[in-house]
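[1] Just the structure for this:
(one chain, ligands or ions: 1)
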Amino acid sequence: MRIEKSTSLLPEVKRGRKVQITVDGKPIEAFEGETVAAAMMASGFRVFRTTAKDKMPRGMYCGMGICFECLVTINGVKNVRACLTPVTDGMTVVTQEEVAA
Ligand code: FES
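    All right, here's what the predicted structure looks like:
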C-alpha cells in the first residue's frame, strides 16, 4: 500500500512517471524512482524468495542492501537485491526458490 495523499505530518507526495513491471507473470503498477521491493510490497508481494534448506519465506527485511533477504531474478539475472534496484518500465521480476546458483 502506498501513501496516496499528504497529511499535516507528511509532505506532499510526489511520484515519478507511472510504469508497469511484471512479477511472477502478474503486471503491477510502479513509479519511476521506486525500488522493485517497494513496488512489490505496494502490490501485496511479501515473499521474495524461499530458503534452500527449509523452504522458509523471505522478503524485505533491512531495506538497504545488507541482509540479502530480498533476492529475486530481474530480467533473467538471478540474485538481485530488490531493495536496491530501481524499477524500469517493462521489467520482469521472478521470485526465487532459494539463492540461485
Ligand atoms: S531487504 Fe535487506 S538486502 Fe534487500
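[2] Secondary structure class of the residue at minimal distance from the centre of the chain, three-state.
    Taking CA atoms, centre = their mean, the centroid of the chain lies closest to Ala37, which sits 2.0 Å from it. State at Ala37, reduced to three classes by DSSP: H, G, I helix; E, B strand; the rest coil: helix.
[3] Quick check, it in contact with Met64.
    No: judged on CB atoms under 8 Å, Ala37 makes no contact with Met64 at a distance of 10.3 Å. (Glycine included, C-beta is placed from N, CA and C.)
[4] intersection of neighbour lists for those two?
    Common neighbours of Ala37 and Met64, using CB atoms under 8 Å, 6 or more residues apart in numbering, are Cys83.
[5] Next up, the contacts around Cys62.
    69, 83.
[6] who in this protein is up against the ligand?
    Neighbours of the ligand within the chain, by CB under 6 Å from any ligand atom: 60-63, 65-70, 81, 83.
[7] Show me which of these is closest to Thr51.
    Glu69 (9.5 Å; CB to CB).
[8] doesn't Gly59 make contact with that closest one?
    Yes: here Glu69 reaches Gly59: they are 6.5 Å apart, a contact under CB under 8 Å.
[9] Common neighbours of those two, please.
    Phe48.
[10] Low-confidence regions, this protein specifically.
    100-101 (pLDDT under 70).
[11] all strands for it, in order.
    18-23, 26-31, 49-50, 57-58, 71-74, 77-81, 92-97 (DSSP state E).
[12] Nearest to Met1, out of the ones you listed?
    strand 26-31 (12.3 Å).
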